[in-house]
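Student: the amino acid sequence is not available; the structure is as follows:
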């Protein structure tokens, strides 16, 4: 199961910008999927519920 987070991203101007942001987000632990919308300047990020153990 995962949560969906919407992010507003300023400064993206081209497909290379989108790829850079997407690759950076995908490197974050727990990120399952990313969809970037260049026109809207936004990202939808699916984040896994992390199980904590003690």
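Tutor: Right, received. Where do you want to start? Keep in mind that this is a model prediction, so the values were computed, not measured.
Student: okay, now residue 37: neighbour count?
Tutor: 13 (other CB atoms under 10 Å). Glycine gets a C-beta too; all of them are placed from N, C-alpha and C.
Student: doesn't residue 22 make contact with it?
Tutor: No - contact criterion CB atoms under 8 Å: residue 37 and residue 22 do not qualify, at 11.0 Å.
Student: common neighbours of the two, please.
Tutor: Taking CB atoms under 8 Å, 6 or more residues apart in numbering as the contact rule, residue 37 and residue 22 both touch residue 43.
Student: okay, now the unreliable bits of the chain?
Tutor: Residues of the chain meeting the criterion pLDDT under 70: 51-54.
Student: let's see 90
Tutor: Counting by pLDDT under 90, the chain shows low-confidence ranges at 1-2, 29-30, 49-54.
Student: show me where it has strands.
Tutor: Counting by DSSP state E, the segments of the chain that form strands are 2-8, 31-37, 42-48.
Student: helices or strands up against the second one?
Tutor: Packed against strand 31-37 by the contact rule (3 or more CB pairs under 8 Å, 6 or more residues apart in numbering; DSSP states H and E) you find helix 15-26, strand 42-48.
Student: okay, the ones you listed, which one's buried deepest?
Tutor: Across the helices and strands packed on strand 31-37, averaging neighbours per residue (mean count of other CB atoms under 10 Å) puts strand 42-48 on top, at a mean of 16.
Student: next, the angle from it to strand 2-8.
Tutor: 160 degrees (axes from the mean of the first three to the mean of the last three CA atoms, to 10 degrees).
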